[in-house]
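# next input, structure requested:
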Amino acid sequence: MIELRPFNKLGGADHGWLKAKHHFSFGSHYDPDNMGHGALRVWNDDEIAPNTGFPAHPHANMEIITYVREGAITHQDSLGNKGRTEAGDVQVMSAGTGVRHSEYNLEPGTTRIFQIWIEPTEEGGQPCWGAKPFPKSDRSGSFVTIASGFKDDTDALPIRADARVLATTLKAGESAEYQLGKTRNGYLVPAVGAIEINGLRVNARDGVAIHDEAVVKITALEDSELVMVDAA
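Numbering: from 1, shown residues only. Have a look, this model is predicted:
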């Protein structure tokens, strides 16, 4: 099963400083038939105006992955962590028993991110935060795992979920395959470009929900940058 979720049909909100599109129910956009895809609960496509952002607010029992597509995001939390994550890089926050954090765009231009929430395998645990660069040149032509709940993914940022987050860049005409497995749930979004997945065209910022597909084959119709979640 491969289901296209066109970008122009996603729910969303325009707060002036924040323009957001929601691939699943979030905030005031409530769709009881679209509460997530497996353990993947939230995938927000956010555009944050310069010198604005999310003031300090709480989270608990959620794995929150921020993939920066353009610009940079500056993080600060109640654990004392501070950091700036720029385009192409990734940050992960395991909310655990509870944490407060803020996320600001302190850059001169618009910052664009994918914010991905995945339900943890167990509630509780010590909250933590981490960030890491993932150079696009290192993931050209094949998927690289950037966040993972699997111990064998030693180069990825750790999350406490039965899931992994992957990224790749493909030149026009290049293909990549991923062994998803028929019992897993995949969700893929091109940050830029256009692709064909198992014969279906997908444009930039469209979502694709995947289930009961052993292998996912992607061919770039244009130079493309992709992010995918593989979740229970």
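# from here on, contacts and neighbour counts on C-alpha atoms
Will do.
# may I have the beta-bridge partners of the most centrally placed residue in the chain?
Taking Cα atoms, centre = their mean as the criterion, residue 116 is the residue nearest the geometric centre of the chain, at 4.1 Å. On the basis of DSSP bridges, residue 116 is bridged to residue 43, residue 65.
# who touches it in this structure?
With contact set as Cα atoms under 8 Å, 6 or more residues apart in numbering, residue 116 has these partners: 40-44, 64-67.
# try 7 Å
42-44, 64-66 (Cα atoms under 7 Å, 6 or more residues apart in numbering).
# next one: residue 126
Contacts of residue 126 by Cα under 7 Å, 6+ apart are 96-97.
# so where does it fall, helix or strand?
Mapping residue 126 onto the secondary structure by DSSP states H and E places it in no helix or strand at all.
# got a pLDDT number for it?
Looking at residue 126, its pLDDT is 98.
# residue numbering should commence at 81 henceforth.
Sure, I'll start numbering at 81, so the last one becomes residue 206.
# okay, now residue 281: neighbour count?
A count of nearby residues for residue 281, using other Cα atoms under 10 Å, gives 15.
# how about residue 231?
Residue 231 is flanked by 10 other residues according to other Cα under 10 Å.
# now do residue 234
Using other Cα under 10 Å, residue 234 is surrounded by 13 other residues.
# any idea how far it is from residue 103?
Relative to residue 103, residue 234 is positioned 29 Å away (Cα to Cα, to the nearest Å).
# can you list the low-confidence ranges for the chain?
Scanning the chain for pLDDT under 70 picks out no residues.
# in it, which spans are helices?
Ranges of helices in the chain, per DSSP state H: none exist.
# and residue 292, what does it touch?
81, 262-263.
# quick one, which of those are buried?
Listed as buried from the contacts of residue 292 is no entry at all; burial here means 16 or more other Cα atoms under 10 Å.
# pick the one among those closest to residue 160.
Closest approach to residue 160 among these (Cα to Cα): residue 263, at 39.2 Å.
# that closest one and residue 270, how far apart?
To residue 270, residue 263 is 23 Å away according to Cα to Cα.
# burial check on residue 208, number of neighbours?
Neighbours of residue 208 (other Cα under 10 Å): 17.
# just residue 144 next, same as before
22.
# who are the contact partners of the residue nearest to it when sequence neighbours are not counted?
Using Cα to Cα, 6 or more residues apart in numbering and skipping residues adjacent in sequence, the residue nearest residue 144 is residue 197, 4.6 Å away. Neighbouring residues of residue 197 by Cα under 7 Å, 6+ apart: 120-123, 142-145.
# pick out the most distant pair among the residues you listed.
123 and 142 (12.9 Å).
# and the closest residue to residue 262 other than its chain neighbours, backbone torsions?
Counting by Cα to Cα, 6+ apart, residue 262 lies nearest to residue 292, which is 4.0 Å off, once chain neighbours are set aside. In terms of degrees, to the nearest 10, the main-chain angles of residue 292 are phi 60, psi 40.
# if I look at residue 197, how far off is residue 239?
11 Å.
# ignore the last one, residue 111
27 Å.
# looking at these two, which one has more neighbours?
residue 239 (28 against 11).
# wait, that one sits on residue 231?
No - between residue 239 and residue 231 there is no contact under Cα atoms under 7 Å: 10.0 Å.
# show the buried residues in the contacts of residue 196.
122-124, 144-146.
# was I right to think residue 187 contacts residue 129?
No - applying Cα under 7 Å, one finds residue 187 not in contact with residue 129, separated by 8.8 Å.
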